[in-house]
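Asker: Sharing a model that was predicted from the sequence below.
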2 protein chains.
Amino acid sequence: MDTRFLGVLGGMGPLASAHFMTRLTLLTPAARDQDHIPTVLWSDPRVPDRTAARLSGEADPLPWLLRGLRGLEEAGCAAVAIPCNTAHGWFEPMQAATRLPILHIVEATADALRRGGHGPGPVGLMGTAGTLAMRLYQQRLEPQGWQCITPEAEEMQNLVTPAIALVKANRPTEAYAPLAEAARRLGKRGAGAVILGCTEIPLGLQAGPLPAEVALIDTIDALAEAAIAWATGQQDQGQSQPEVGPLS
Amino acid sequence: MDTRFLGVLGGMGPLASAHFMTRLTLLTPAARDQDHIPTVLWSDPRVPDRTAARLSGEADPLPWLLRGLRGLEEAGCAAVAIPCNTAHGWFEPMQAATRLPILHIVEATADALRRGGHGPGPVGLMGTAGTLAMRLYQQRLEPQGWQCITPEAEEMQNLVTPAIALVKANRPTEAYAPLAEAARRLGKRGAGAVILGCTEIPLGLQAGPLPAEVALIDTIDALAEAAIAWATGQQDQGQSQPEVGPLS
């Protein structure tokens, strides 16, 4: 009964976790319940804010992340997906603390870019201020030939950051317009595709018509596809995991 | 870190579990991640089909249900919600096997009927053939003054049963028309409200406009409300849990 459970370290935020579970289910080829992937979701929304920790030195989320990983290990999980981009700023200490392989959301996104035919070149990147400051995407995408175009400081302050907070406050419809505008502007600056590098962003964008001017890469879907590939035993061919050093 | 986790025994089906997590999040009064309810979801879709077990004597789901409960206990959960109506046919042996209180989906639905102003009288009931055969709703609602009107055998065979299977096969849009028709017919037969007594049914119905002829009671939402009441310490006033004997 206990083989090959997928562990999901979630709650960051809880709506993104629930949406990940929905997309994981809908993207899995299945004709009946029993074809789906056994999963344990550890959704602890009390994990201290990842961006505040990185930018303002507020409460450290790492002990909470490690507690969740231990819970997933004890539950019998065999791999872990984390539907929160900013939490990947603690990827290396998390991976060092668990024997379970953690599917990296940026590598899953790189696979999604390739599947979408978006080869090396400029890509847009939206995310929390924490994700951008930590250069989580640049660090792994630039060695593979993508250059990341990010919103300007004024756009982060007036569009992206408040919109992410609106989704976390259960107000996704109000988040739509600023997110769509930020995505369009990245397209105008030459991005061949825009990475929605915060799991709240697709939840806001789906409250209205998707901006049609530029292709969007949904990192929740990318991570779900990586998890499905892992569960169906294709993880060796699919997701690549280049070694990177710890963040300074 | 470990107090008052809600345990969710899910995977039956996995889309209903994911939808429960979404509704639990959206219905919780919250302004930021940290206001939401810490939750562990045990989603094992391999649990043998509950209706087939009850009607045809196929594989017994109980060992799988008890395995999930043990996992939720070990994870530190303090109460359990089960977003699958038919699984409540095993409520008594599950409750006897765990020290955690299990929130009963039928009692949560009774609370939702009362909140909606649907006092004693005829109510419509849709569900799996297993749920109807076990009289899960009748057993707890009739002593409280509601009389359940259920689809006729022909309607179960041609409308409700195939529609539930379509949702489980990731084809909710095809499930819409037969479910809407079945709900309308119950309204015409005198139901003051129709209980969507299978967690797949609201997923099919939301693929089109809700039938406007009759009020609908979504049992996923009812269970989420009961869980939120538990988490906010109001469970003593809200959910009532009358004693009922074991099923024959």
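Answerer: That came through, no problem. Quick caveat: nothing in here was measured; it's all calculated off a predicted structure.

Asker: On the pLDDT front, check the residue most central in space within chain A for me.
Answerer: Taking Cα atoms, centre = their mean as the criterion, residue A:85 is the residue nearest the geometric centre of chain A, at 3.9 Å. Confidence at residue A:85, expressed as pLDDT, is 94.

Asker: hang on, isn't it packed against residue A:220?
Answerer: No: applying Cβ atoms under 8 Å as the test, residue A:85 and residue A:220 come out as separate, 9.7 Å apart. All C-beta atoms are positioned from the backbone trio N, CA, C, and that covers glycine.

Asker: still on that earlier bit, list phi and psi for the residue nearest to the centre of chain A.
Answerer: With angles defined as degrees, to the nearest 10, residue A:85 sits at phi -60, psi -50.

Asker: so what's it up against?
Answerer: When contacts are counted by Cβ atoms under 8 Å, 6 or more residues apart in numbering or on different chains, residue A:85 is found next to A:105, A:106, A:127, A:128, A:131, A:136, A:197, A:198, A:199, A:219.

Asker: how about the helices in chain A?
Answerer: With DSSP state H as the criterion, chain A has helices at A:14-27, A:50-56, A:62-74, A:91-97, A:105-115, A:129-134, A:136-141, A:153-155, A:161-168, A:172-188, A:201-205, A:219-231.

Asker: Over the longest one, what's the mean pLDDT, rounded is fine.
Answerer: The predicted model gives helix A:172-188 an average pLDDT of 96.

Asker: Run a quick neighbour tally on the closest residue to residue A:84 other than its chain neighbours.
Answerer: Distance criterion Cβ to Cβ, 6 or more residues apart in numbering or on different chains; nearest residue to residue A:84, sequence neighbours excluded, is residue A:12 at 3.7 Å. Here the number of neighbours of residue A:12 (other Cβ atoms under 10 Å in any protein chain shown) works out to 28.

Asker: residues of the least confident helix or strand in chain A by mean pLDDT that come out buried?
Answerer: Every helix and strand in chain A was compared by mean pLDDT, DSSP states H and E; the lowest is helix A:50-56, with a mean of 86. Judged by neighbour count using 16 or more other Cβ atoms under 10 Å in any protein chain shown, the buried positions of helix A:50-56 are A:50, A:51, A:53, A:54.

Asker: What's the local residue count around residue A:47?
Answerer: Neighbour count of residue A:47, defined by other Cβ under 10 Å: 27.

Asker: that older thread, show residues contacting the least confident helix or strand of chain A.
Answerer: Here helix A:50-56 has contacts from A:12, A:58-61, A:84, A:86-87, A:89-90, A:128-131, A:133-134, using Cβ under 8 Å, 6+ apart.

Asker: Weed out the non-buried ones from those residues.
Answerer: Buried among these (16+ other Cβ under 10 Å): A:12, A:61, A:84, A:86, A:87, A:89, A:90, A:128, A:129, A:130, A:131, A:134.

Asker: nearest to chain B, of those residues?
Answerer: Closest to chain B out of those is residue A:12 (6.4 Å), distances taken as Cβ to the nearest Cβ.

Asker: What are the phi and psi values at that closest one?
Answerer: Main-chain torsions, residue A:12, degrees, to the nearest 10: phi -120, psi 80.

Asker: While we're on it, how confident is the model there?
Answerer: What the model reports for residue A:12 is a pLDDT of 91.

Asker: how about it, what does it touch?
Answerer: Residues counted as contacts of residue A:12 (Cβ under 8 Å, 6+ apart) are A:45, A:47, A:50, A:82, A:83, A:84, A:86, A:87, A:199, B:33.

Asker: Now do the residue nearest to the third one when sequence neighbours are not counted against residue B:147, distance only.
Answerer: In this case it means residue A:50. Once flanking residues are discounted, residue A:50 sits nearest to residue A:86: 3.8 Å by Cβ to Cβ, 6+ apart. In this structure, residue A:86 and residue B:147 are separated by 53 Å, where distance is defined by Cβ to Cβ, to the nearest Å.

Asker: Residue A:22 now?
Answerer: Between residue A:22 and residue B:147 the computed distance is 36 Å (Cβ to Cβ).

Asker: In terms of neighbours, single out the busier of the two.
Answerer: residue A:22 (20 against 14).

Asker: Can you read off the pLDDT for the residue lying closest to the more buried one once chain neighbours are set aside?
Answerer: Nearest residue to residue A:22, sequence neighbours excluded (Cβ to Cβ, 6+ apart): residue B:18, at 4.0 Å. According to the model's per-residue confidence, residue B:18 sits at a pLDDT of 96.

Asker: tell me the contacts of residue A:59?
Answerer: Neighbour list for residue A:59: A:48, A:49, A:52, A:53 [criterion: Cβ under 8 Å, 6+ apart].

Asker: Buried residues in stretch A:200-207, which are they?
Answerer: For stretch A:200-207, the buried set under the neighbour-count rule, 16+ other Cβ under 10 Å, comprises A:200, A:201, A:202, A:203, A:204, A:205, A:207.

Asker: can you check stretch A:139-152 too?
Answerer: Along stretch A:139-152, the positions that meet the burial threshold by neighbour count (16+ other Cβ under 10 Å) are A:140, A:141, A:146, A:148, A:149, A:150, A:151.

Asker: rewinding a little: my read: the residue nearest to residue A:22 touches residue A:25, true?
Answerer: Yes: using Cβ under 8 Å as the test, residue B:18 is close enough to residue A:25 to be in contact (5.5 Å).

Asker: Distance check, residue A:79 against residue A:172.
Answerer: Note on residue A:79: its distance to residue A:172, by Cβ to Cβ, is 29 Å.

Asker: Export stretch A:217-237 to PDB, keeping only CA atoms.
Answerer: Output in PDB follows, covering the C-alpha atoms of stretch A:217-237 (Å, rounded to 0.1, in the frame of the first residue of the first chain):
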ATOM      1  CA  ILE A 217       4.400  29.300 -18.800                       C
ATOM      2  CA  ASP A 218       2.500  28.200 -15.700                       C
ATOM      3  CA  THR A 219       4.900  26.900 -13.100                       C
ATOM      4  CA  ILE A 220       2.200  25.000 -11.200                       C
ATOM      5  CA  ASP A 221       1.400  23.000 -14.400                       C
ATOM      6  CA  ALA A 222       5.200  22.600 -15.100                       C
ATOM      7  CA  LEU A 223       5.700  21.100 -11.600                       C
ATOM      8  CA  ALA A 224       2.600  18.900 -11.900                       C
ATOM      9  CA  GLU A 225       4.000  17.600 -15.200                       C
ATOM     10  CA  ALA A 226       7.300  16.800 -13.600                       C
ATOM     11  CA  ALA A 227       5.500  15.000 -10.800                       C
ATOM     12  CA  ILE A 228       3.500  12.900 -13.200                       C
ATOM     13  CA  ALA A 229       6.700  12.100 -15.100                       C
ATOM     14  CA  TRP A 230       8.300  11.000 -11.800                       C
ATOM     15  CA  ALA A 231       5.200   8.900 -10.900                       C
ATOM     16  CA  THR A 232       5.200   7.200 -14.200                       C
ATOM     17  CA  GLY A 233       8.800   6.300 -14.000                       C
ATOM     18  CA  GLN A 234      10.000   8.700 -16.700                       C
ATOM     19  CA  GLN A 235      11.800  11.000 -14.300                       C
ATOM     20  CA  ASP A 236      15.200   9.800 -15.500                       C
ATOM     21  CA  GLN A 237      14.600  10.900 -19.100                       C
END
